[in-house]
Structures are given as structure tokens and as C-alpha cells.
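Engineer: only the shape, not the letters, is given here:
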């Protein structure tokens, strides 16, 4: 057993201990407060944890594995493209954070679908969104497992499937046992490990390449387009702009990011969550993406570009430090999986179950939560067996689909009083149809080379506005709950 | 029936607008720097558009974000009990 494996095992052991510890906390909570504890950690998270829950949840294997993988494959153009995600905490918490904070306390919402229920008062909207979120998040979660398995496999020399099982098992322990409480505690440790790991990997890589000057010369000799902001026209400005919209303006449509908005303690925590998230995502994204492209000047012929980050960790750094770097990468992935698992579980085990069986008991919800979480993690693990070469494209597909379905109903629904359930249904339907068409039989919908999510989200927004305007406005009760002054 | 809007909603909308304006400025600055500076000149051994557009500008905007958020987003109560009270840390 090498030093890298030992340091990684220590990290994993701490995570498992956190899972058991948070299980004890959650188990002590009275059954009538169990949902609030399991899904929203008692709505008492401070700024640092909120920053990490959102940043760690959104910065997935797409940042930690695929980010360096894309810059390795396509050069500096993808450093710019990935940099558009730096302000994701701002763009999630600022547009809806305060409103969600107020309304969630008014209606005692602990899941994002509780908010939709209060806003749209429609069983169809709830069930439709739960199905779509599960549909898009499961493959997204599978890509996270692929990334984690690749890292563990590189580090330990174990086979892909054993690495996959190992990486997933620890998430299963702290998510299923500890819920959001376990996830938030684990995220705190993981945030530190991720940041330290990114810094060490960057320093080691640049040092090993002989500095930026030398690395740039080597890259220019390999292929001058690696130095181009468009990869010599392969990724035109319109594409970069559409990705900026997807990972920037539209990010508010990502349901698993909503966890931060539902769990923060007060506006001080919200503000810290915004700017600390900016610093963390900036460091993670930039350092890893630069490591990927500089890494190409060290080893130009990796068969799977996504393996560049673990390869660098194992080959340009001392083994014990490599274990910390790789633990950081796996930690980044695990935070995303945990956030997604919480969202899918809350959608199915709480909201859909309550819609179908309104008299369901808290004890049944408690059991259903744990079984659903275990089942969705197992399903994602099953999908991860079929490992793709570049996981970024699957991640973008899932993000685009989620945003096409939820951006309109979330952003407009929470900021425009006139929006109603018909608008939400029209937005979901229109967004999904346009997204499906653009990805399959109507590629011309990817206007000027943009990502299909751009046109799908725009279509969904238009549908939301149009359908809301031609139908009945929402009830006075809804308007009062969301925007009115509370009369006590 | 005319309803009284919660004054915190106005704060929420202002913060929303602030975030989108901030990100729009960042996006415009990065795109302009990246596409207009060219790949030939080098700064710190990297193509100039990378150093300025993708290292320095994001760093400047992250620092600006701290100032903007702490100075321009007011603290509001999230509960309906005492809306005028400032939230304790």
C-alpha cells in the first residue's frame, strides 16, 4: 500500500466517522422535526458551510476531473469557458436567496419542491419536476462516480469497478445516515481538502513543466490552437457565451444548488456564502484548469483526457501529497453527489409521496428517505459502469436539461407575481421539447453554435410569460405568502 | 384587494439586479479581454489574453465581489416576528 493510498484512506475514515456522528444527531431529533433536520440541517447553516454546500454542490467532477480534462484536450479556450462559473454562488443566492429564506420560514419548506408547492399549488407541477429532476440528476450523478472511480483507480491501482464501489460507499454512509447534517459537516472538511489539494497540484504541475514560459513553448510546438481563445474556431464566441449563460445566469435553475438557499441561517451567512463561494470556485477552477493545460506539455498523449488530474497528482508530486490532492478531487465530487442525493430523495420520498398519499406518517417519510437515497445512489453507480471518455459533455447535457425545465418556474415564479401554474407547466413542457429537438433532430436550433440549453431556456421563459398572461393570475393567498407583508 | 408588499421584497429584487449587472460586467470584460488581446504577446509566460482575461480580471472581480456584497446588500430579518431588527451574527 503506497503513501497516497494511506492518506486517502485516512480521509475516507474521517468521512465515515462524520456519517456515524451525524446519524446520532439526526436520530435524537423528535420525529416531527426530522424532515427539517434531515433535509435542511435545522435551517441553521453559517456562511462558510453555505458557501461550501453551494460551491461544492455545483462544482462537480465537471470542475475537478473534466475541467482539467477539457483544458488538456482543447487548451486555454476551456480555461476561459470554465471561468464563467466562478460567480455561481452569487447568481444562485442573490436572485432568489432572500425571498426563499423568507418564504421557506413562512411555509416551513424544507425541500425545493415545498417552495414550488406553495408557489404553484399544483400536483402536476410537483410530480413533473420530481420526475425531470431525477431523470437529469441520475446520469449527472453517474458521471461523478465515474470521475471518483478514475481517481481512486489511478491512485490505488485497483480496478475501475472496485474503485467505483469504494468511492460511492462512503458517500452512501454519510448521506443516508446523516442527511443534510452529515453532508454539511462532511462538506466543511472536504472544502479544506479540495482547496489545499488544488493549490498543491497547481504548484507541482507548473514546477514539473519548467514554468509557464517553457510550457507555453511546448504547447505552441504541439499545436498553436491550444493557445487560441476559440481553439482556432472550434469553440466560437457564441458557444462561450451560451456556456456562460448556462453556468452563470441560468444556474439558479439547478435544484441541488437550492439547498444553500434553503439552509442558510441569516443574511450575514448568505453574504458570506456569496463571496466565499466566489473565492473558492475561482481557486478551484483556475488552478485545476491551468494544471490541465500545462500538464499537456508534460505528457501529451493520454488516451483519456479526463485522467490528467489524477495522472499529474501521481506523477509530479510526492506520493503522500498526491493522496491529499486526490482526496481533494474525490471530495469535490462527493459534495456534488451528496447534494444531488438530498435533492432527489427529498423530491421522491417527501414531496411525491405526500402528493400521492397526503396522510403519510413522518415515520414512513423517514424510512422512505433513507431507502430512496440508497436506491438512487445505487442506480447512479450502475450507470457509472459504462464509463465515457469525456464526462463534461454528459454533465453539460444534464445541466442544460435541468435549467430548461426549472429556470423559468424558479426565477420568474419567485420574482414575478403574475406568473402561475400554467406558466410553469408551459415553461417545463416547452423547455423540454425544444431541448430534446435541439439535441436530436433539429441541430439548427443550436443558433450560431450555441449550446442547446440557451434556446431551450429562452423558449421556456417566453412560454412561461405567455401562458401566465393568458390565464388566471395566482390566488391572493399565494401573492400574500410570497410578497405580502405578514399579518400576524 | 390591494395588498401591501413586504419591504424586504424590494431588497430582494435589488440584490437580484445587482448580481446580474455584476456578472454581465464580468462576462463582458472577460470576453473582450480574451478575444481582443491576441495570442502572440506573452505575460508571465502565458498568452496575454489568458493572463489578463482569465487570471487577473477574475481575481479583480472576486475582490470587487466582497466589497459589493458587504457594502450593498443590507441585512434583513428572514422571519416575520420583528422585521426592523437586524440579524445577530
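Structural biologist: That came in fine, so what should we check first? Note that the coordinates shown come from a computational prediction; the quantities given were computed from them, not determined experimentally.
Engineer: ok, the spatially most central residue of chain B - contacts?
Structural biologist: Centre of chain B computed as the mean C-alpha position; nearest residue by CA atoms, centre = their mean is residue B:22, 4.0 Å away. Contacts for residue B:22 (CB atoms under 8 Å, 6 or more residues apart in numbering or on different chains) come out as A:87, A:90, B:61, B:64, B:65, B:68. C-beta coordinates here come from the backbone N, C-alpha and C atoms, glycine included.
Engineer: which one of those is nearest residue A:412?
Structural biologist: Comparing the contacts of residue B:22 against residue A:412 with CB to CB places residue A:90 closest, at 19.1 Å.
Engineer: and the helix or strand where the closest one lies, how far out from the chain's middle?
Structural biologist: In this structure, residue A:90 is located in helix A:88-107 according to DSSP states H and E. Its chain's average C-alpha position is 17 Å from that of helix A:88-107, according to CA atoms, centre = their mean, to the nearest Å.
Engineer: that older thread, buried members of the contacts of residue B:22 into ChimeraX, please.
Structural biologist: This is the ChimeraX syntax for the buried subset of the contacts of residue B:22, where burial follows 16 or more other CB atoms under 10 Å in any protein chain shown:
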select /A:87,90 /B:61,65,68
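Engineer: quick one: contacts for the nearest residue to residue A:423 once chain neighbours are set aside?
Structural biologist: Counting by CB to CB, 6 or more residues apart in numbering or on different chains, residue A:423 lies nearest to residue A:468, which is 3.3 Å off, once chain neighbours are set aside. If you count contacts by CB under 8 Å, 6+ apart, residue A:468 has them with A:416, A:418, A:419, A:420, A:422, A:423.
Engineer: select the longest helix from the chain.
Structural biologist: Unless you meant another one, I'm taking chain A. Scanning chain A for the helix with the most residues, using DSSP state H, yields helix A:160-209.
Engineer: sorry, should have said chain B
Structural biologist: Here the longest helix in chain B is taken by residue count, with DSSP H as the criterion, and it is helix B:7-36.
Engineer: any idea how far the helix or strand bottoming out on mean pLDDT in chain B is from the chain center?
Structural biologist: Within chain B, no helix or strand scores below strand B:42-43, which has a mean of 74 by mean pLDDT, DSSP states H and E. Averaging C-alpha coordinates over strand B:42-43 and over its chain gives two centres that are 28 Å apart (CA atoms, centre = their mean).
Engineer: parallel or antiparallel, which strands does that strand pair with?
Structural biologist: Within its sheet, and counting by DSSP bridges, strand B:42-43 is paired with strand B:46-47 (antiparallel).
Engineer: name the residues that touch the partner strand?
Structural biologist: Counting contacts by CB under 8 Å, 6+ apart, the residues outside strand B:46-47 that touch it are A:76, A:212, A:216, A:227, B:38, B:39, B:40, B:41, B:55.
Engineer: after the helix or strand residue A:401 falls within, which helix or strand is next?
Structural biologist: For residue A:401, the element it lies in under DSSP H and E is helix A:392-407. Where DSSP H and E defines the elements, the next helix or strand beyond helix A:392-407 is helix A:413-415.
Engineer: tell me where the model's unsure across the chain.
Structural biologist: Picking chain A for this. The model of chain A has pLDDT under 70 over residues A:1, A:26, A:29-47, A:56-59, A:174-182, A:388-390, A:487-488.
Engineer: switch to chain B, please.
Structural biologist: Applying pLDDT under 70 to chain B flags the ranges B:1-3, B:82-89.
Engineer: show me what the strand or helix carrying residue A:10 is packed against.
Structural biologist: With the criterion set as DSSP H and E, the secondary-structure element containing residue A:10 is helix A:3-28. Identification of packing neighbours for helix A:3-28 by 3 or more CB pairs under 8 Å, 6 or more residues apart in numbering or on different chains; DSSP states H and E yields helix A:34-40, helix A:123-156, helix A:160-209, helix A:319-345.
Engineer: tell me which of those helices sits most buried.
Structural biologist: helix A:319-345 (a mean of 27; mean count of other CB atoms under 10 Å in any protein chain shown).
Engineer: what angle separates that one from helix A:123-156?
Structural biologist: Here helix A:319-345 runs at an angle of 170 degrees relative to helix A:123-156 (axes from the mean of the first three to the mean of the last three CA atoms, to 10 degrees).
Engineer: what helix or strand is residue A:478 on?
Structural biologist: Counting by DSSP H and E, residue A:478 is part of helix A:476-483.
Engineer: what about that helix, distance to the chain center?
Structural biologist: In terms of CA atoms, centre = their mean, the centre of helix A:476-483 is set 30 Å apart from its chain centre.
Engineer: isn't residue A:481 right up against residue A:103?
Structural biologist: Yes - at 6.5 Å, residue A:481 counts as touching residue A:103 under the criterion of CB atoms under 8 Å.
Engineer: neighbour count: these two, which is higher?
Structural biologist: Per other CB atoms under 10 Å in any protein chain shown, whichever of residue A:481 and residue A:103 has more neighbours is residue A:103, with 20 against 17.
Engineer: in the helix holding residue A:10, what's buried?
Structural biologist: A:4-5, A:7-8, A:11-12, A:14-15, A:18-19, A:21-23, A:25-26.
Engineer: which SSE is the residue nearest to residue A:76 when sequence neighbours are not counted in?
Structural biologist: Spatially, and ignoring its direct neighbours in sequence, residue A:76 is nearest to residue B:50 (5.1 Å; CB to CB, 6+ apart). Assigned by DSSP H and E, residue B:50 belongs to helix B:48-50.
Engineer: which residues does that helix contact?
Structural biologist: Counting by CB under 8 Å, 6+ apart, the neighbours of helix B:48-50 from elsewhere in the structure are A:76, A:79-80, A:229, B:33-42.
Engineer: show the subsequent helix or strand relative to it.
Structural biologist: Moving toward the C-terminus from helix B:48-50, the first helix or strand encountered (DSSP H and E) is helix B:57-72.
Engineer: list of residues touching that next one?
Structural biologist: Contacts to helix B:57-72, defined as CB under 8 Å, 6+ apart, come from residues A:83, A:86-87, A:90, A:271, A:274-275, A:278-279, A:282, A:286, B:18, B:22, B:25-26, B:29-30, B:33.
Engineer: could you pull out the buried residues of that helix?
Structural biologist: Applying a neighbour-count criterion of 16+ other CB under 10 Å, the buried positions in helix B:57-72 are B:57, B:58, B:61, B:62, B:65, B:66, B:68, B:69.
Engineer: okay, those in TSV with distance to residue A:363 next?
Structural biologist: What follows is the buried residues of helix B:57-72, written out as TSV (distance: CB to CB, whole Å):
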residue	distance to residue A:363
B:57	54
B:58	49
B:61	49
B:62	46
B:65	45
B:66	46
B:68	47
B:69	42
